[in-house]
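S.K.: requesting a structural model of the entry that follows:
(one chain, ligands or ions: 1)
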Amino acid sequence: MRSLHPKLRNIRVALLTALLAIVSPGLRAATPAEIEKKIDALIARMTIEEKLGQMSQKVFADLSDKTKEEIRRGRWGSLYSGGTPAQKAEAQRIALKESRLGIPLIYAQDVIHGLTTTFPIPLGQAASWDPELVRQAARVAARETAAAGIHWTFSPMMDIARDPRWGRIAEGFGEDPQLASRMAVAMVRGYQGDSLEAADSIAACAKHYVGYGAAEAGRDYNTTWIPENLLRDVYLAPFQAAREAGLATYMSAFNNLNGVPASANAFTLRQVLRDEWKFDGFVVSDYTAIAELIPHGYASDAADAALKGILGGVEMEMVSTTYWDHGKELVANKQLDPKLLDQAVRDILRIKFRLGLFDAKGQYTPVPAAPPAAAALETARKLAAESLVLLKNQNGALPLAQSIGKIAVIGPLADSARDQLGTWAMGPTDTARTPLAALREALGAGRVVYAPGLKNSQDESHDGFAPAVEAARGADAVLLFLGEEASLSGEASSRAYLDLPGAQEALVNEVAQAGKPAIAVILAGRPLTFHNVAAKAGAVLYCWHPGTMGGPAIADVILGKLAPSGRLPVTFPRTVGQVPIYYNHLNTGRPAAETGPAAEEKYQSKYLDVSFTPEYPFGFGLSYTTFAYGSPHLSAPRMRVGDSLTVSAEVANTGTVEADETVQLYIRQLAASLAQPVRELKDFRRVHLKPGASQTVEFTLPSSALAFHKGAQLVTEPGAFQVWIAPHSSAGTPGQFTLVP
Ligand code: BGC
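M.R.: Next up, the predicted model:
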């Protein structure tokens with residue numbers, strides 16, 4: 001055959017590609033209209049059983065003949081957790097090739113803070129105040145997850161929590177809607193990438209929709225009562241931000257919200273999510289949450305639960321089987337409009353199409369599990385380091401001098417790989433690098449004497465105390481690795497006390513007898529109360545559960561290779577009796593004064609037996625350097641509704657170490673038709689400053705950022721405002737401006 005001129009050859013290739021794309025649209029991303037047409041065609045052919053199957057999800061416990069047969073029949077739309085890669089590939093092959101309509105399964109898993117590489121728990125990630133790094137970590141998680149044949153993660157969890165008794169505070173981004181929204185958006189972008197269809201993108205799931213974190217008394221699964229303005233301004237805010245970032249799915253929560261369980265709540269699931277936010281992905285229930293409508297006292301039996309779940313707007317039922325068991329009879333009895341099933345299936349199929357599961361991405365070829373990549377570990381180390389919050393540092397107790405002689409490493413959390421990974425850790429423990437290992441590596445094993453003192457954080461025995469005290473006596477400095485083991489936070493892990501569990505405080509008291517400088521390094525899934533321990537330590541470094549690379553990150557900070565830069569994403573109480581305590585509270589008619597003659601006044605909103613202020617405020621964290629803030633400068637004293645102001649302040653590194661500072665912008669509206677919080681975070685930025693350097697940090701404050709909800713209505717009310725540019729929520733001198741119509 002005569003060879004073609006290269007130019008003509010190129011044209012021929014282009015023509016062939018275009019033709020192929022027309023006859024086989026799988027080769028290019030389908031347009032939204034094409035997807036809807038395909039969905040129409042499928043729905044038209046689906047039986048009611050096949051529709052209810054799509055609306056059902058179960059744990060991938062096995063690939064028995066029964067399960068295979070069920071997949072062939074279209075009994076399941078999704079499987080989650082469990083299943084080896086080979087089983088996933090085979091189950092998917094059956095769904096695509098042997099089921100009547102060839103609809104792929106969507107595989108899910110709780111990849112909450114990494115799969116193979118474990119990043120800090122989400123509360124720790126929030127402490128970094130570094131959304132870009134959080135996005136990068138979620139990207140790593142997405143790559144590892146997609147490589148394991150999983151299409152969908154039940155993350156990010158974005159429940160605002162003001163109560164550290166609630167164990168699930170570990171899984172979210174803390175108490176503030178602005179910080180939580182920025183983190184939620186970062187994670188969604190990280191997981192979903194530029195396109196859901198990309199081979200290394202996975203669908204995100206915003207959970208738990210909604211209000212779950214307001215559980216009364218911090219007891220898991222408990223009832224929540226949240227007025228609509230608070231629901232919208234605080235609890236819904238991150239979910240709305242995630243929606244705007246293109247989020248694929250939501251998970252409906254376990255809690256009863258204002259009398260109606262969140263998993264049957266047509267107000268939040270239909271009115272807010274669909275009518276107002278125009279969400280077009282799908283909603284999965286939490287684990288058996290549809291069947292739980294019965295004990296909630298909201299459904300009389302399983303059929304009623306199915307009806308209320310579907311009417312409420314939950315499209316896929318996780319684990320319980322009321323939809324499958326009763327959907328057909330509900331339609332036959334005319335209790336359920338079959339169009340609602342079509343709508344649910346349409347939303348589920350839309351995400352399956354967007355993910356490309358009908359095409360190449362659906363046909364998974366297992367790859368051998370790989371250990372974390374070097375770049376992934378580097379991201380984990382960086383994020384862990386940025387999540388560490390220095391709460392106290394008397395007389396420069398930290399960093400330890402590199403020239404230090406011997407250090408004693410004491411405490412139950414110095415060498416517990418499993419515990420430093422935290423709740424919902426999926427990754428291997430053997431790749432986790434503990435603080436003990438990292439310190440030995442950095443200083444040489446001969447300079448590190450290890451005596452844990454306690455077997456784990458709940459150990460009550462004093463048997464290990466003597467060797468710990470002896471280790472302290474022979475050392476130049478003592479590092480106390482205290483806190484909570486992983487199982488004490490997360491789901492169904494609420495605590496009524498926030499103190500260090502077990503005999504940890506007794507251990508600290510005993511070790512203090514050695515009279516050596518002590519540093520408390522606390523690893524925990526929630527804010528703890530540790531006033532006495534902090535009083536005995538020269539420095540306190542709060543590390544959350546820092547993940548795979550927690551050890552090296554902690555060692556880097558302790559030894560001064562890096563300055564600590566984390567800031568608290570949640571208020572730390574002095575005692576559990578102050579809970580709920582959060583910075584963005586209302587003022588009351590009798591706000592308490594902290595100092596001066598007014599502090600003597602009895603009839604103020606405070607306690608007789610403890611201060612009303614927190615132990616450590618939201619946004620707080622020290623560095624190895626010091627920063628000075630100039631007064632805020634406003635571009636104008638007045639702003640019109642619809643306009644914006646710029647607010648700036650000079651921030652200077654007045655110490656001797658180069659470091660990051662997180663500059664925080666807060667506002668307060670002094671009088672409004674609904675009283676507004678004493679402060680609200682509106683923006684923040686990390687800046688890096690060399691010793692002696694300063695920078696003008698400028699924020700744009702649009703009037704829309706001053707809006708609040710009155711019921712469903714978002715209003716901006718003219719009036720007087722204060723504005724702070726400050727290092728944390730209790731610091732700074734406010735500037736003033738007026739919002740005019
Ligand atoms: C949890 C969810 C989780 C689900 C699936 C539930 O018990 O509340 O956060 O995604 O289980 O594992």
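S.K.: next to the ligand, which bits of this structure? Give me the list.
M.R.: 110, 154, 207, 286-287, 491 (C-beta under 6 Å from any ligand atom). From N, CA and C alone the C-beta is placed, and that goes for glycine too.
S.K.: how does it look with 5 Å?
M.R.: Proximity of the chain to the ligand, by C-beta under 5 Å from any ligand atom, involves residues 110, 154, 286-287.
S.K.: which two among these are spaced furthest apart?
M.R.: Using C-beta to C-beta, these reach their maximum pairwise distance at D110 and D286, which is 11.3 Å.
S.K.: quick one on the thing from earlier: let me know the closest of the residues of the chain next to the ligand to V511.
M.R.: D110 (37.9 Å).
S.K.: next, count neighbours for that closest one.
M.R.: The tally of other residues near D110 (other C-beta atoms under 10 Å) stands at 18.
S.K.: do K37 as well
M.R.: 12.
S.K.: got the contact list for whichever residue of the stretch 351-500 of the chain sits closest to the ligand?
M.R.: Residue nearest to the ligand within the stretch 351-500 of the chain: E491 (5.4 Å; C-beta to the nearest ligand atom). Contact partners of E491, counting by C-beta atoms under 8 Å, 6 or more residues apart in numbering, are 167-168, 171, 220, 423.
S.K.: among the residues you listed, who's most crowded?
M.R.: Result: E171 is most packed of the contacts of E491 (other C-beta under 10 Å), 29 neighbours.
S.K.: give me the pLDDT value at that residue.
M.R.: E171 carries a pLDDT value of 98.
S.K.: next one: the one 4 residues further on
M.R.: The predicted local confidence for E175 comes out at a pLDDT of 99.
S.K.: burial count for it?
M.R.: 28.
S.K.: wait, it sits on P164?
M.R.: No: judged on C-beta atoms under 8 Å, E175 makes no contact with P164 at a distance of 9.6 Å.
S.K.: give me the local confidence score for the closest residue to D301 other than its chain neighbours.
M.R.: Of all residues not flanking D301 in the chain, I294 sits nearest, at 6.7 Å (C-beta to C-beta, 6 or more residues apart in numbering). Note for I294: predicted pLDDT of 99.
S.K.: next one: the one 5 residues further on
M.R.: According to the model's per-residue confidence, A299 sits at a pLDDT of 99.
S.K.: same question for P366.
M.R.: Reported pLDDT for P366: 87.
S.K.: just to revisit the earlier point, can you pull the phi and psi angles for the residue of the stretch 351-500 of the chain closest to the ligand?
M.R.: Phi and psi for E491, reported as degrees, to the nearest 10, are phi -70, psi 140.
S.K.: in the stretch 501-650 of the chain, what residue lies closest to the ligand?
M.R.: Taking C-beta to the nearest ligand atom, the stretch 501-650 of the chain has G525 as its residue nearest the ligand, at 14.4 Å.
S.K.: what sits against that residue?
M.R.: G525 touches 121, 123, 167, 169-170, 422-423, 484, 486, 488-490, 493, 544-545, counting by C-beta under 8 Å, 6+ apart.
S.K.: one more: S730?
M.R.: With C-beta under 8 Å, 6+ apart, S730 has these contacts: 583, 613-614, 617, 620.
S.K.: picking up where we left off before, so how many other residues sit close to the residue nearest to D301?
M.R.: Look at I294: counted by other C-beta under 10 Å, it has 17 neighbours.
S.K.: now render the residues of the chain next to the ligand as CSV, adding distance to T575.
M.R.: Output for the residues of the chain next to the ligand, formatted as CSV (distance: C-beta to C-beta, whole Å):
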residue, distance to T575
D110, 33
F154, 34
D286, 32
Y287, 34
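S.K.: what sits against I48?
M.R.: I48 neighbours (C-beta under 8 Å, 6+ apart): 327-328, 331, 338, 341.
S.K.: rewinding a little: and the contacts of G525, which of them are in helices?
M.R.: Per DSSP state H, helices hold the following members of these: L123.
S.K.: so which of the contacts of G525 sit within strands?
M.R.: Using DSSP state E, no member of the contacts of G525 falls within strands.
S.K.: select only the buried ones of the contacts of G525 in PyMOL?
M.R.: For the buried members of those, the matching PyMOL selection, counting by 16 or more other C-beta atoms under 10 Å, is:
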select buried, resi 121+123+167+169+170+422+423+484+486+488+489+490+493+544+545
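S.K.: related to what we said a few turns ago, which residues do E175 and P164 both contact?
M.R.: Common contacts of E175 and P164 (C-beta under 8 Å, 6+ apart): V570.
S.K.: picking that back up, going through the residues of the chain next to the ligand, which ones are buried?
M.R.: Neighbour-count burial within the residues of the chain next to the ligand applies to 110, 154, 286-287; the criterion is 16+ other C-beta under 10 Å.
S.K.: returning to that earlier point: the residue nearest to D301 contacts A302, correct?
M.R.: Yes: with contacts defined as C-beta under 8 Å, I294 counts as touching A302 at a distance of 7.2 Å.
S.K.: turn the residues of the chain next to the ligand into TSV, including pLDDT and secondary structure.
M.R.: Below are the residues of the chain next to the ligand laid out as TSV (pLDDT from 0 to 100; DSSP: H, G, I helix; E, B strand; the rest coil):
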residue	pLDDT	secondary structure
D110	98	coil
F154	98	coil
D286	98	coil
Y287	98	coil
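S.K.: tell me the one of those nearest A245?
M.R.: For these, the nearest to A245 is F154 (17.1 Å; C-beta to C-beta).
S.K.: so what's A291 up against?
M.R.: Taking C-beta under 8 Å, 6+ apart as the test, what A291 contacts is 302, 305, 320, 322.
S.K.: which among those gets closest to the ligand?
M.R.: When these are compared against the ligand (criterion: C-beta to the nearest ligand atom), the nearest one is S320, at 12.0 Å.
S.K.: just to be sure, the closest one is in a helix?
M.R.: No: using DSSP: H, G, I helix; E, B strand; the rest coil, the assignment for S320 is coil, not a helix.
S.K.: so what's it scoring on pLDDT?
M.R.: As predicted, S320 sits at a pLDDT of 98.
S.K.: surely it is in contact with D286?
M.R.: No: using C-beta under 8 Å, S320 is not in contact with D286, being 10.3 Å away.
S.K.: now do the strand or helix carrying A303, average pLDDT.
M.R.: Per DSSP states H and E: A303 is located in helix 302-312. In this model, helix 302-312 has a mean pLDDT of 99.
S.K.: mind listing residues that contact that helix?
M.R.: So helix 302-312 is in contact with 252, 263-266, 269-270, 285, 290-291, 293-294, 298-299, 317, 320, 322-323, 325-327, 329-330, 335-336, 340-341, 344, going by C-beta under 8 Å, 6+ apart.
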